[in-house]
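# Predicted coordinates and the sequence they were generated for:
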There are 2 protein chains.
Amino acid sequence: MPAPHMTSAEFRARGREMIDFIADYLDSVESRPVLGPVTPGDVLRALPAHPPEQGIAAGADSWEAVFRDLRDTILPNLNHWQHPRFFGFFPANTSHPAILAELLASALATPAFLWVTSPAATELETLVTDWLGEALGLPEPFLSRSGPGGGVIHTTASEASLTALLAARHRARTRAGAGPFHPTLYTSTQAHSSIVKAAMIAGLAHGPDDRTHVRLIDTDADFAMDPGALEAALRADRAAGRTPIYVAATVGTTSSTAIDPLRAITRVVRAESPGAWIHVDGAHAGVAALAPEFRAILDGLELCDSLCVNPHKWLLTTFDCDVFFLRDRAPLIEAMSITPAYLRNEASASGRVLDYRDWQAPLGRRFRALKLWFVMRHYGLEGLRAHIREHVRLAALFEHAVRADPRFEVVTPRTLNLVCFRLTPSPGETPARADARNAELARRLNASGFLYLTSTVLHPPGQPPRTLLRMAIGGAFTQERHVREAWACIQKHASEAQG
Amino acid sequence: MPAPHMTSAEFRARGREMIDFIADYLDSVESRPVLGPVTPGDVLRALPAHPPEQGIAAGADSWEAVFRDLRDTILPNLNHWQHPRFFGFFPANTSHPAILAELLASALATPAFLWVTSPAATELETLVTDWLGEALGLPEPFLSRSGPGGGVIHTTASEASLTALLAARHRARTRAGAGPFHPTLYTSTQAHSSIVKAAMIAGLAHGPDDRTHVRLIDTDADFAMDPGALEAALRADRAAGRTPIYVAATVGTTSSTAIDPLRAITRVVRAESPGAWIHVDGAHAGVAALAPEFRAILDGLELCDSLCVNPHKWLLTTFDCDVFFLRDRAPLIEAMSITPAYLRNEASASGRVLDYRDWQAPLGRRFRALKLWFVMRHYGLEGLRAHIREHVRLAALFEHAVRADPRFEVVTPRTLNLVCFRLTPSPGETPARADARNAELARRLNASGFLYLTSTVLHPPGQPPRTLLRMAIGGAFTQERHVREAWACIQKHASEAQG
């Protein structure tokens, strides 16, 4: 007896119902609390603890009940990242074209790990990563069709940073031959946690605080990596017989969207340790290079080895879609290839095709190119630039409003679409007390359900660490009025906190 | 100016169109060549080389053109994994309920990396992994709500095997303290390439052939790991002062679906190296334990540390959905945790919630629980067992047919739904000539477009390696008539090859 599949007719009906459910959700998400008063266990308690012996196919359950659970249990207990007043973390954009593409990809379900397992999916990935690379103004070598490098779609920037580290280590270790090899890697104190986690995965750190191989470079007053400090660290390690293999610069740090100075970093690295791999983590901010007026954030990239940007953050392409670009794909493929008999095939052996499994850690992979292709065709580069520019404009507007209110201060220079701000310390207030007031303001704002933002801690050189609020403006559906409403809400809560 | 989004009304219209496009595709996929005569570059040449300045939103392109490209360029150049006569590699099941869930997940786009970033997504993942664990008959410790372990959804078995290795290494290294630490890991010569790739990623192998830390254990005549050979390897390494940290057993090898004897392996490991982590890679075959009559494949699991199974292969849940189960989650979380200020939150600090980012390598993650929940509710356990049983029945039927035709031989014992077979060597035929004839048969079959299967090489102890054909019967929509048609096609081509 075959599996009791849904009929084609029922799928068409349920599919329409789901499309309408989604359209209704996106139309009305603004009226929901961004994060409701959820307590741990609410969802687990509301649903059956054991799997059903008989399902919908046997008439023991129904799609009506599924939709009811979605309405009553799932949606009220979500943190709604597509809410236009979600300003926490970094955005996780979706969009209508991306949703349609994901729908199709899940039906085709064609794993694009070898060219032969999915020729169209592979070639479309080559095409759209080149499209995006060209749109970002990347140097020619970073494009598959014109250079020795190219782009590939990863799940996350975590995966890209790890993969770059593996390629870096493989290259350096091969060069070292049988000689001693004590590899070291470098990133700033403001880099994303995934860089140190990559070192942990690669066996170069036994826990987050192990500094046997990892160097965290100090930042300047604006929280960008200090090239002088990097130079000193590289020199010290070289003098001690260690091999610097990997420098991860950040274009848009998580706490404050600081931009590491790529050109100065490449100068230092090329002078001190020409063999080290320079990876640029542009997960959130990198896509801003679509607009020529922001392209300076990638200045110096032609001397770097790799870059990742996440269209699934601020470029309307549903997670997962991190695009990892390389100046030269050969060291990566050397580091990652392993070919058992069951994966051998004529096309791969011919050398005329790309097999993206060799560009990543796992074997399997989804048909992710489809969503980036749909997004680029729907919005066009003009539409995508409008998205970026509008949010930078709104962040400037928000920054201006904060600066005009003496109860608040802007803590770090705004570079793009993130504003770091906090309640101005009262005269004589201890740093701990000021931090507590800011944490309390964040708690109240999020408890209101009207908006959502997250806080962080920044440690300016020579000063105590500061708790501050992050207003990340990049939601797919965030418009000017949402930012104005949020600011009014923040002002209101600040008044109550003062009074 | 905000991004030019699609209107809600247009999304509803295009969504319906896409649902119908998919239903039509699945209704008619059988009439397509499984893999057409695709040549490298066909897709790249057919599509514009540069990204559009203006898109559909600006009236410069249209959804009609997108659908036309899908019909004319993408679909004809895919390897159709949902074709009912796709018998290559292992299956990559999708299903209608899974498609609906992926559609919804891509609209909610709520990254479930911390509980607080998506409470419902996190708790639904706890629920459905427990549902699946219970359905597979896993020991209590492997369930989140009753034990110290639990399940988490990863992208792939590659990710699970790597993650298990990292937990294993962290635990062993912490125990070793400041003492010498030369870790070793063990898997069979028939294990999936992802185990050795995990060692490469973790820094325990500089390339696939590096045996400094990796031991490939011989298999028996049925290609299952030989516990005696494992015992000898563990003893030799212990005697040499090395620390065995990780043993990866396979339940369903890729080449031939051989089942490593878990109970015997656990006995050897517990006696020789009680601290080593035993991971079970049940990527393809593990889900067969849903049916009590196949549950013996997991006998001994209570003494293992982790298991992964892939509902995205043979359990109707669209890729990506690997479920990684642990007997104890603590060593994993210790190995993977890193908490910068911007990820700190009250819920995590309370210890009352699970944060799945600490159960995996990357930070970000999709709302993957939804599809497994939809699949289990639609099919029920009865429906899922029917799916497994039907394909095992069809494989037995195919095996019987092969055995009845003297031109063919079955090469290895069939354990579940995969039949390894080949053209019987002629009297006096050299092994190389026999291999070439089999490779040629596979090439002809795939070139016909009527079916798709892949070949592999098996090396029986004391004999030359043999090229053989793999008939993997597990497609979501594969029924008896497709298997019978495939066998008739294979017989026809065998006659032509003989004649």
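That came through fine.

# Skipping adjacent residues, who's closest to residue A:253 in space?
Once flanking residues are discounted, residue A:253 sits nearest to residue A:190: 4.2 Å by CB to CB, 6 or more residues apart in numbering or on different chains. No exception for glycine: its C-beta is placed from N, CA and C like everyone else's.

# Which helix or which strand is home to the one you found?
Taking DSSP states H and E as the definition, residue A:190 sits outside all helices and strands.

# For the stretch 301-450 of chain A, which residues are neighbours of chain B?
Proximity of the stretch 301-450 of chain A to chain B is confined to A:312, A:316, A:318-320, A:335-343, A:346-347, A:350, A:352-353, A:361-364, A:366, A:374, A:376-384, A:386-387, A:389-390, A:443 under the rule CB under 8 Å from any CB of the partner chain.

# In helices, which of those residues fall?
A:312, A:335-336, A:346-347, A:350, A:374, A:376-384, A:386-387, A:389-390, A:443 (DSSP state H).

# if we can go back for a sec, filter the residues of the stretch 301-450 of chain A next to chain B down to the buried ones and express that as a PyMOL selection.
Listed next is the PyMOL selection for buried residues among these, using 16 or more other CB atoms under 10 Å in any protein chain shown:
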select buried, chain A and resi 312+316+318+319+320+335+336+337+338+339+340+341+342+343+347+353+361+362+363+364+366+374+376+377+378+379+380+381+382+383+384+386+387+389+390
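
# what kind of secondary structure is the residue in the stretch 151-300 of chain A that chain B sits nearest to in?
Going by CB to the nearest CB, chain B is nearest to residue A:203 of the stretch 151-300 of chain A, at 3.2 Å. Taking DSSP: H, G, I helix; E, B strand; the rest coil as the rule, one finds residue A:203 in the coil state.

# Least confident secondary structure element in chain A?
In chain A, no helix or strand scores lower on mean pLDDT, DSSP states H and E than helix A:346-350, which sits at a mean of 81.

# and that one, what does it pack onto?
The helices and strands touching helix A:346-350, judged by 3 or more CB pairs under 8 Å, 6 or more residues apart in numbering or on different chains; DSSP states H and E, number zero.

# Just the residues contacting that helix, thanks.
Identification of contacts with helix A:346-350 by CB atoms under 8 Å, 6 or more residues apart in numbering or on different chains yields A:114-116, A:339, A:353, A:355, B:40, B:443.

# try 10 Å
Helix A:346-350 is contacted by residues A:114-117, A:119, A:122, A:339, A:352-355, A:357-358, B:38-40, B:439, B:443, B:446 when judged by CB atoms under 10 Å, 6 or more residues apart in numbering or on different chains.

# What about these, which are in helices?
Within the contacts of helix A:346-350, residues falling in helices by DSSP H are A:119, A:122, B:439, B:443, B:446.

# Apart from its neighbours in sequence, what residue is nearest the second one?
In other words, residue A:122. Leaving aside its sequence neighbours, residue A:122 sits nearest to residue A:115 (CB to CB, 6+ apart; 4.6 Å).

# And for that neighbour, the neighbour number?
Applying other CB atoms under 10 Å in any protein chain shown, we find 25 residues neighbouring residue A:115.

# How about residue A:125, nearest residue that isn't a chain neighbour?
Using CB to CB, 6+ apart, the nearest residue to residue A:125 is residue A:369, at 3.8 Å.

# what number of residues lie near the one you found?
Residue A:369 has 29 neighbouring residues, counting by other CB under 10 Å.

# hang on, residue A:471 in a strand?
Yes. Per three-state DSSP, residue A:471 lies within a strand segment.

# How about it: which residues does it bridge to?
Beta bridges link residue A:471 to residue A:419 when assigned by DSSP bridges.

# For it, list the residues it contacts.
Counting by CB under 10 Å, 6+ apart, the residues that residue A:471 touches are A:87-88, A:394-395, A:398-399, A:402, A:414, A:417-421, A:451, A:453-454, A:483, A:486-487, A:490.

# Repeat that for residue A:134.
With contacts defined as CB under 10 Å, 6+ apart, residue A:134 is in contact with A:140, A:142-143, A:145-146, A:381, B:49-51.

# can you check residue A:411 too?
For residue A:411, the contact set (CB under 10 Å, 6+ apart) comprises A:223, A:255-256, A:402, A:419-422, A:438, A:456, A:458, A:460, A:466-470.

# ok, it to chain B distance?
Per CB to the nearest CB, to the nearest Å, residue A:411 is found 13 Å from chain B.

# now residue A:105
From residue A:105 to chain B the distance is 8 Å (CB to the nearest CB).

# any weak-confidence spans in chain A?
Along chain A, segments meeting pLDDT under 70 span A:497-499.

# try 90 this time
Residues of chain A that meet the criterion pLDDT under 90 lie in A:1, A:36-38, A:112-113, A:145-147, A:177-180, A:337-353, A:357-358, A:360-364, A:460-464, A:495-499.

# Just the ones in helices from the contacts of residue A:411, please.
A:402, A:438.

# Can I get stretch A:463-477 in CSV? Just the C-alpha atoms.
In CSV, the C-alpha atoms belonging to stretch A:463-477 read as follows (Å, rounded to 0.1, in the frame of the first residue of the first chain):
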residue,chain,number,x,y,z
GLN,A,463,35.8,53.9,29.5
PRO,A,464,33.5,51.6,31.3
PRO,A,465,31.3,49.3,29.1
ARG,A,466,27.9,50.7,28.2
THR,A,467,24.6,49.0,27.7
LEU,A,468,22.7,50.6,24.8
LEU,A,469,19.7,50.1,22.5
ARG,A,470,20.0,49.1,18.9
MET,A,471,17.5,50.4,16.4
ALA,A,472,18.1,48.2,13.3
ILE,A,473,16.0,49.6,10.5
GLY,A,474,15.8,47.1,7.6
GLY,A,475,12.5,45.2,7.9
ALA,A,476,11.1,44.2,4.5
PHE,A,477,7.9,46.2,5.2
